[in-house]
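> I would like to see how this sequence folds:
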Amino acid sequence: MTKVDFYVIEEPSNSEMLHFVCRLIEKIYRLGHQIHLHTTDANTTQNIDKLLWEYDDLAFLPHRVMSTPQSNDASDKAAESAITIAENFDPQHCEDVLINLGNQVPVWFSRFNRVTEFVGGDESQREAARQRYRFYRDRGYNLDMHQIKSRTTADATS
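The predicted structure is shown next:
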């Protein structure tokens, strides 16, 4: 059964959350996992794509933005990337780790071994996270919560 982790970001800014997401992605990638980032919209996809290139001068995180509907060609190219990013895209190439940056639970989440969710941002984003938490809980998924204090003291190993 899919394991679900919720990271509660103390500093609710979008920037703070995305920086933490990048650190967590780096940790997960270094452990040898394949990752798909599900985003809400093209703007978030572009922001996280750019941030993955810029957030740390010493880190290289090979990633690919998936911008077309699933096709054999897209699947083949996605399989070459350890990290993929997309909005409204069913990543049939990956079943390892899903990082959900969307406001809703993707319908295909359950084929992943692990799902990572974030609680941060404004009150509407926090309420959306509460709804996702209830969704998983009501269906019997194993849930873990991690409190993240701030970017300077947060450790992605939580």
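> residue 33 - how many residues pack around it?
Other residues lying near residue 33 total 16 when counted by other CB atoms under 10 Å. C-beta: built from backbone N, CA, C; applies to glycine.
> any idea how far it lies from residue 126?
Using CB to CB, to the nearest Å, one obtains 27 Å as the distance from residue 33 to residue 126.
> the helices in this protein, which residues?
Taking DSSP state H, the helices of the chain run over residues 14-30, 42-54, 72-79, 123-138.
> quick check: which of those helices is buried the most?
Of all the helices of the chain, helix 14-30 has the most neighbours on average by mean count of other CB atoms under 10 Å, namely a mean of 19.
> ok, and what's touching stretch 102-116?
2-5, 7, 24, 36, 38-40, 87, 90-91, 94-100, 125, 128, 132, 135-136 (CB atoms under 8 Å, 6 or more residues apart in numbering).
> worst-scoring helix or strand of the protein, pLDDT-wise?
helix 72-79 (a mean of 50; mean pLDDT, DSSP states H and E).
> and the helices of the chain, which one's lowest on average pLDDT?
When these are ranked by mean pLDDT, helix 72-79 comes last with a mean of 50.
> right, and residue 47 touches residue 19 too?
No - counting by CB atoms under 8 Å, residue 47 sits too far from residue 19 to count as a contact (11.1 Å).
> tell me what the most centrally placed residue in the chain is bridged to.
Centre of the chain computed as the mean C-alpha position; nearest residue by CA atoms, centre = their mean is residue 99, 2.1 Å away. Legend: beta-bridge partners of residue 99 under DSSP bridges are residue 37, residue 116.
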